[in-house]
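[1] Sequence and predicted structure are below.
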Amino acid sequence: MEKIILTGDRPTGRLHIGHYVGSLRRRVELQDSGLFDKIFIMIADAQALTDNADNPEKIRTNIIEVALDYLAAGLDPEKSTLFIQSQVSELTELSFFYQNLVTVARLQRNPTVKAEIQMRGFSETGEDNKAGIPVGFFCYPISQAADITAFRATTVPVGEDQEPMLEQTREIVRKFNATYGPTLVEPEILLPDSAACLRLPGTDGKAKMSKSLGNCIYLSDPAEVVWEKVRGMFTDPGHLQVSDPGKVEGNTVFTYLDAFCRPEHFDKFGDCFHGKKASFDFHSLDEAKAQYRAGGLGDMMLKSFLNAVLNDTLEPIRQRRKQFEKDIPYVREVLRKGSAVAREAAAKTLADVKRAMRIDYFD
């Protein structure tokens with residue numbers, strides 16, 4: 001069996017560093033590893049429309065923004081197929097067939113769906129002056145199952161919040177294969193390899209970095225904007241004086257350093273820890289954490305160091321993005337070609353599904 005990856009993002013805005021550490025950085029590593037036969041990266045515009053149906057221009061515009069972030073981060077069209085979900089109509093047909101294999105009660109129990117409904121302020125009854133839940137949004141675990149199975153994906157690299165969605169896909173695969181015979185491939189989840197990357201909190205310390213909450217650092221943010229956001233980051237509210245012992249756990253600055261800091265950063269940006277009142281010569285993040293817990297290490301020193309570390313990571317991405325922005329027709333052509341390749345692959349799976357369901361009447 002071929003080893004195939006399927007993953008992607010909703011084009012509701014530019015990608016942020018939460019996307020980067022949660023999945024995008026890993027995708028590039030997997031792409032370049034040579035361990036997979038095929039890699040499909042989807043811009044999930046149809047899924048994004050399930051809660052943005054009244055604003056299609058937002059989705060249309062952000063397709064190019066997401067594609068630019070993909071290319072800037074290192075995804076290579078020669079190694080990975082970048083495509084637009086809505087341009088592969090076979091996915092819609094598969095979703096329709098899969099709907100018969102899932103109950104409403106099962107969708108209601110999906111914790112990811114419940115969390116997303118709450119975050120978007122939907123009302124299950126349509127009351128309390130809140131919008132009701134669009135059927136398309138409610139059913140997007142089924143749509144996601146179609147996306148994954150259409151390309152016979154064996155591996156889906158996502159964050160931990162998507163585990164319930166992948167489990168629902170596996171349930172659909174098992175039900176389909178049990179009902180119609182072995183046809184679909186059951187995928188496995190590939191979580192980030194670092195606990196710090198499972199879910200990066202927002203700059204305000206809230207559990208999730210989210211465009212809608214305005215607590216993101218975007219991959220395309222210029223250096224001065226990154227510093228503004230880092231400077232205002234949540235740390236330890238009990239660390240009022242520099243001399244006070246501080247908490248590392250739950251401290252957003254340290255969480256970001258866990259995700260981005262490398263040993264060489266201490267040699268490269270050690271000057272950030274030199275000040276008029278105190279100077280430190282750290283060689284590892286563990287040493288910085290120990291000093292913070294003991295007291296004497298100020299938040300602004302840490303934030304200055306984090307800012308340097310983040311910009312060290314983001315600057316190459318920003319520069320590549322600027323180059324791709326000069327040739328948007330090339331970016332559109334990458335997506336057009338990728339969508340054609342994706343549609344050909346999905347059509348083969350759909351044909352197998354119809355054959356298994358005994359609805360291939362004219363073949």
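    Nice, thanks for sending it over.
[2] for the stretch 101-250 of the chain, what are the low-confidence residue spans?
    Within the stretch 101-250 of the chain, the stretches with pLDDT under 70 are 124-130, 194-198, 207.
[3] And the helices in it, which stretches?
    Using DSSP state H, counting those that start in this stretch, the helices of the stretch 101-250 of the chain run over 104-109, 111-120, 135-138, 140-150, 163-180, 223-231.
[4] which of those helices is buried the deepest?
    Highest mean neighbour count of the helices of the stretch 101-250 of the chain: helix 140-150, a mean of 26 (counted as mean count of other CB atoms under 10 Å). (Each C-beta comes from the backbone N, C-alpha and C, glycine too.)
[5] packing partners for that helix?
    If you count contacts as 3 or more CB pairs under 8 Å, 6 or more residues apart in numbering; DSSP states H and E, helix 140-150 packs onto strand 4-9, helix 45-48, helix 90-98, helix 111-120, helix 163-180, helix 328-356.
[6] want to try CSV for those, with distance to Ser284 as columns?
    Listed next are those as CSV, based on distance: least, CB to CB, whole Å:
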stretch, distance to Ser284
strand 4-9, 32
helix 45-48, 41
helix 90-98, 47
helix 111-120, 36
helix 163-180, 32
helix 328-356, 40
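[7] Those: which one's closest to Glu287?
    Judged by CB to CB, the one of the helices and strands packed on helix 140-150 that comes nearest to Glu287 is helix 163-180, at 34.3 Å.
[8] Report the angle between that closest one and helix 140-150.
    60 degrees (axes from the mean of the first three to the mean of the last three CA atoms, to 10 degrees).
[9] tell me the angle helix 163-180 makes with helix 90-98.
    Helix 163-180 and helix 90-98 are oriented at 70 degrees to each other (the same axes, to 10 degrees).
[10] quick one, domains of this structure?
    4-200+328-356, 223-321 (automatic domain parsing).
[11] which stretch among those comes nearest Leu213?
    Leu213 lies closest to domain 4-200+328-356 among those, at 8.7 Å (CB to CB).
[12] now do the same end-to-end measure for that closest one.
    22 Å (CA to CA, to the nearest Å).
[13] what's the answer for stretch 285-302, then?
    For stretch 285-302, the end-to-end distance is 11 Å (CA to CA).
[14] How about stretch 46-64?
    Its start and end residues considered, stretch 46-64 measures 15 Å (CA to CA).
[15] Give the buried residues for it.
    For stretch 46-64, burial by neighbour count (16 or more other CB atoms under 10 Å) applies to 46-52, 59, 62-64.
[16] okay, those in CSV with pLDDT and distance to Pro329 next?
    Compiled in CSV, the buried residues of stretch 46-64 are given as follows (pLDDT from 0 to 100; distance: CB to CB, whole Å):
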residue, pLDDT, distance to Pro329
Ala46, 96, 24
Gln47, 94, 26
Ala48, 94, 23
Leu49, 95, 25
Thr50, 91, 29
Asp51, 88, 30
Asn52, 91, 26
Ile59, 96, 20
Asn62, 97, 18
Ile63, 98, 14
Ile64, 97, 11
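[17] closest to Val104 among those?
    Closest approach to Val104 among the buried residues of stretch 46-64 (CB to CB): Thr50, at 16.4 Å.
[18] gap between that closest one and Ile5?
    In this view, Thr50 and Ile5 are 24 Å apart by CB to CB, to the nearest Å.
[19] what do you get for Val253?
    Distance of Val253 to Ile5, given as CB to CB: 33 Å.
[20] ditto for Tyr361
    From Tyr361 over to Ile5 (counting by CB to CB), the distance is 34 Å.
[21] More neighbours: which of those two?
    Each of Tyr361 and Ile5 has its neighbours counted (other CB atoms under 10 Å); Ile5 has more, 24 against 6.
[22] Now do the more buried one against Phe36, distance only.
    Between Ile5 and Phe36 the distance, using CB to CB, works out to 5 Å.
[23] Next up, phi/psi of Phe151, please.
    phi -100, psi 10 (degrees, to the nearest 10).
[24] how about it, what does it touch?
    4, 6, 38, 40, 342, 345-346, 349 (CB atoms under 8 Å, 6 or more residues apart in numbering).
[25] Could you say which of the domains of the chain is packed most deeply?
    Neighbour counts (mean count of other CB under 10 Å) averaged over each of the domains of the chain peak at domain 4-200+328-356, with a mean of 18.
[26] Please give the centre-to-centre distance between it and its chain.
    Taking CA atoms, centre = their mean, to the nearest Å, one finds the center of domain 4-200+328-356 at 10 Å from the center of the full chain.
[27] Also stretch 327-342?
    21 Å.
[28] Need the CA coordinates for it. PDB is fine.
    Extracted in PDB, the C-alpha atoms of stretch 327-342 (Å, rounded to 0.1, in the frame of the first residue of the first chain):
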ATOM      1  CA  ASP A 327       4.100  36.300  -9.400                       C
ATOM      2  CA  ILE A 328       0.500  35.600  -8.400                       C
ATOM      3  CA  PRO A 329      -0.300  34.000 -11.800                       C
ATOM      4  CA  TYR A 330       2.300  31.300 -10.900                       C
ATOM      5  CA  VAL A 331       0.500  30.700  -7.600                       C
ATOM      6  CA  ARG A 332      -2.800  30.300  -9.300                       C
ATOM      7  CA  GLU A 333      -1.300  27.900 -11.800                       C
ATOM      8  CA  VAL A 334       0.100  25.800  -9.000                       C
ATOM      9  CA  LEU A 335      -3.400  25.500  -7.500                       C
ATOM     10  CA  ARG A 336      -5.000  24.800 -10.900                       C
ATOM     11  CA  LYS A 337      -2.600  22.000 -11.800                       C
ATOM     12  CA  GLY A 338      -2.800  20.600  -8.200                       C
ATOM     13  CA  SER A 339      -6.600  20.600  -8.300                       C
ATOM     14  CA  ALA A 340      -6.600  18.700 -11.600                       C
ATOM     15  CA  VAL A 341      -4.200  16.000 -10.100                       C
ATOM     16  CA  ALA A 342      -6.400  15.800  -7.000                       C
END
